[in-house]
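> quick one, structure for this:
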Amino acid sequence: MTRSSTLNVRFPGELSDLKRRGDNVLSQAGISTTQAIRGLYQHLDETQQVPTWLLKNDNTGQRRRELMRQLVGIAPLEVEETLDDLKCERLSRITL
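Reported below is the predicted structural model:
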């Protein structure tokens with residue numbers, strides 16, 4: 001027996017026109033809403049990252065994490081320092 005999940009998305013009144021326009025774009029491309037959502041979730045699973053276009057511009061916590069990822073490996077660890085120690089130290093300084 002296959003397992004199935006359902007996703008319900010609410011579009012408040014002011015966004016109902018946005019849904020209609022988005023559905024039109026998908027329809028013109030021959031893509032169903034379900035296919036688009038599955039594609040997004042597959043992308044999230046494969047990359048383990050949220051696409052930058054989906055992030056808000058004012059999300060400083062996410063931006064800090066991205067900057068920290070860029071720093072990984074540019075300096076050697078001290079002999080007594082482990083990668084886990086370094087990650088814990090860096091993460092403790094990040095405020096979300």
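
> who are the packing partners of the longest helix along the chain?
Using DSSP state H to define each element, the chain has its longest helix at helix 33-47. In terms of contacts (3 or more Cβ pairs under 8 Å, 6 or more residues apart in numbering; DSSP states H and E), helix 33-47 is packed against helix 16-28. Backbone N, C-alpha and C define where each C-beta goes, glycine included.

> mind listing residues that contact the helix it packs on?
The contact list for helix 16-28, computed with Cβ atoms under 8 Å, 6 or more residues apart in numbering, reads 11, 32, 33, 35, 36.

> could you chop this structure up by domain?
11-48, 53-96 (automatic domain parsing).

> can you put these in a markdown table and add distance to residue 3?
Shown next, in a markdown table, are the domains of the chain (distance: least, Cβ to Cβ, whole Å):
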| stretch | distance to residue 3 |
| --- | --- |
| domain 11-48 | 15 |
| domain 53-96 | 26 |
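
> that's all I had, so thanks and see you.
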